[in-house]
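Trainee: Sharing a sequence plus its predicted fold:
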Amino acid sequence: MSLPQYGQRSDPSSAPECPRHPGVRSVDYCKKCNRPMCVTCLVPREVRAVCVDCAGTPTIARSSREAGVTKTLIAVCVVFGLVGFMLPSVERLFVFSPAFAAFQPWRFLTTAFLHSGIVHLLLNMLALYWVGSPLEKLFGHWRFAAIYLLSAIGGSVFVLMWVLVEPSSVYTVTVGASGAVFGLFGAVFVVQREAGMDTRTVLVLVAINLAYGFIASNVSWQAHLGGLIVGTLVAFFLVRQGRAKAGMTEKE
């Protein structure tokens, strides 16, 4: 009979089931509420760990180990981008402009899959991959997709609203996934804040990128700001909804 290694139970089958994932054995107890936790419900702390309820973060879906939605979004952006580069007449059917918003509503979303050039596309896809992959694994496929797509639409809505301030912008054309990416930045802020983590890094990153949008020409700071606000609000709602309720378990 082999001796258990450090950190292992002598009899793993004796561990209670995780209350959030029935059938999954727990590996520790929350230092705050003393409820059992499986690996996906465990949030590390300096001294012992806490459960996702006490940490204020949503549970990690076991089915979301791979960032499939993130990779799909990148693939769609690349395909749409290349088509737009080669066929400008087709691209004009999907870009967003306030002048077309009332009778061609699909443009609110489709414009997020188009870009003004290779560099624009590359930078946005790198940001989407770096930020989107861990967020998708945390929120799960559908919740992550909701944050991204609603942030993209929110960016277009703010571009439309700016017409009330500057009527001449009614014919302005905007393209790019930046609004949706800013929404992901907002989601990172929400997750870190709810978990009690240091949010200064993401705040500085957002501030620098927003400032660049105000300073540089041909950059839609309205879309950035709109995506950021919508992504933050959607993520906040999902985090609160993702908290386990007393006496209830989470379905996979």
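Mentor: That came through fine.
Trainee: Show the contacting residues for Tyr29.
Mentor: Residues in contact with Tyr29 (C-beta atoms under 8 Å, 6 or more residues apart in numbering) are 35-37. Where C-beta positions appear, they are placed from N, C-alpha and C, glycine not excepted.
Trainee: For those, pick the one with the most neighbours.
Mentor: The most crowded member of the contacts of Tyr29, judged by other C-beta atoms under 10 Å, is Met37 (25 neighbours).
Trainee: Identify the residue nearest that residue in space, chain neighbours excluded?
Mentor: Cys51 (4.8 Å; C-beta to C-beta, 6 or more residues apart in numbering).
Trainee: cool, Leu233 as well?
Mentor: Of all residues not flanking Leu233 in the chain, Gly186 sits nearest, at 7.9 Å (C-beta to C-beta, 6+ apart).
Trainee: so that neighbour makes contact with Tyr148?
Mentor: No - Gly186 is beyond contact range of Tyr148, at 11.2 Å (criterion: C-beta atoms under 8 Å).
Trainee: what's the helix or strand harbouring Phe182 packed up against?
Mentor: Per DSSP states H and E: Phe182 is located in helix 178-194. Judged by 3 or more C-beta pairs under 8 Å, 6 or more residues apart in numbering; DSSP states H and E, the packing partners of helix 178-194 are helix 118-139, helix 141-161, helix 200-215, helix 221-242.
Trainee: Go through those helices and name the closest to Gln192.
Mentor: helix 200-215 (6.5 Å; C-beta to C-beta).
Trainee: quick one, strands of the stretch 1-150 of the chain?
Mentor: 28-29, 36-37, 42-44, 49-51 (DSSP state E, counting those that start in this stretch).
Trainee: Not counting its neighbours along the chain, what's nearest Gly117?
Mentor: The shortest distance from Gly117 to any residue other than its chain neighbours is 8.0 Å, reached at Phe85 (C-beta to C-beta, 6+ apart).
Trainee: tell me the contacts of Ala49?
Mentor: Residues near Ala49 by C-beta under 8 Å, 6+ apart: 28, 30-31, 37, 42-43.
Trainee: The same query, at a cut-off of 6 Å, please.
Mentor: Shown in contact with Ala49 (C-beta atoms under 6 Å, 6 or more residues apart in numbering): 28, 42-43.
Trainee: ok, it to Gly68 distance?
Mentor: According to C-beta to C-beta, to the nearest Å, Ala49 and Gly68 sit 28 Å apart.
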